[in-house]
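Trainee: Here is a sequence with its predicted model. Questions after.
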Amino acid sequence: MRESNTLTLEPGSLRQRAAAGIEAAREGSIRGLARTSEFFVVFGAWLLLPLWPILAAAALRECGYLRRYRITLARMIGHIRAVWHTRAISRMVARRLTPVERTVPERIVGNCTHCGRCCLDQACVFLAFDERGQSRCQIYGKKLWKVMFANCSRYPLDGPEIVLYRCPGFNAVRDPEASARRIIPIVPVMQPAGLESISAELSETSEVSGV
């Protein structure tokens, strides 16, 4: 019986290869777009460098940035360099354009130690430390923070981000039932009047239920 030298390709294999090729091209396009966006943002930041202390003082209504012009300028240089080296913008753009799918489900465990490493390796111009060495964000919850620094409220999203900043407080563990969730929740600051109304509601509920 003569053997056949004809190569036979199964339809399923062709579809899988085509789908893999399309997926690879899509991921490459997203990476290219993300990196290009980051380049223009960083390039624009360098062009506006002399104005950043003035812009920061105006946006945050904090004259200290302007009074300490040279210090603010030096910190802004470190900030821009850190954005480029950590690829903060390109990672954010790529994450928003790519569906959240993890081949190995992860669950983030731990607590924030306020070391400031996730703030661009302590290079963020808006990062400050108290007398105990605990980090704090000077624009936390403000409009500028919500608009321009969306990544801050979501750290850490996955294991690679923890490794990137050598975070000592969080760790990623494998968990098949893990789901995306906010690790550091943003809790709005409540006024005393609001707290009193909530306490009153809780008291009424307790009386009705007989607790």
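Mentor: Received the coordinates, thanks.

Trainee: distance of Ala25 from Arg35?
Mentor: 16 Å (Cβ to Cβ, to the nearest Å). Every C-beta, even on glycine, is put in place using the N, C-alpha and C of the backbone.

Trainee: More neighbours: the two, which one.
Mentor: Arg35 (14 against 10; other Cβ atoms under 10 Å).

Trainee: Surely that one and Arg91 touch.
Mentor: No: counting by Cβ atoms under 8 Å, Arg35 does not reach Arg91; the two are 10.1 Å apart.

Trainee: Looking at the nearest residue in space to Leu48 that is not next to it in sequence now. What's its pLDDT?
Mentor: Spatial nearest neighbour of Leu48, excluding adjacent residues (Cβ to Cβ, 6 or more residues apart in numbering): Leu55 at 7.4 Å. pLDDT, Leu55: 86.

Trainee: And Leu55, how far from Leu144?
Mentor: For Leu55, the distance to Leu144 equals 10 Å [Cβ to Cβ].

Trainee: Now the terminal residues of stretch 152-165, how far apart.
Mentor: By Cα to Cα, to the nearest Å, the extent of stretch 152-165 from end to end equals 13 Å.

Trainee: how deep is Ala58 tucked in, by neighbour count?
Mentor: Ala58 has 13 neighbours, counted by other Cβ under 10 Å.

Trainee: For it, what is the enclosing helix or strand?
Mentor: Using DSSP states H and E, Ala58 maps to helix 52-60.

Trainee: Return the list of helices and strands in contact with that helix.
Mentor: helix 64-67, helix 69-86 (3 or more Cβ pairs under 8 Å, 6 or more residues apart in numbering; DSSP states H and E).

Trainee: Which SSE is immediately downstream of the helix or strand hosting Ser90?
Mentor: For Ser90, the host element (DSSP H and E) is helix 88-97. The helix or strand immediately downstream of helix 88-97 is strand 106-110, counting by DSSP H and E.

Trainee: Report all helices and strands that that next one contacts.
Mentor: Packed against strand 106-110 by the contact rule (3+ Cβ pairs under 8 Å, 6+ apart) you find strand 170-174.

Trainee: ok, Val109 - contacts?
Mentor: Listed by Cβ atoms under 8 Å, 6 or more residues apart in numbering, the contact set of Val109 reads Phe170, Asn171, Ala172, Val173.
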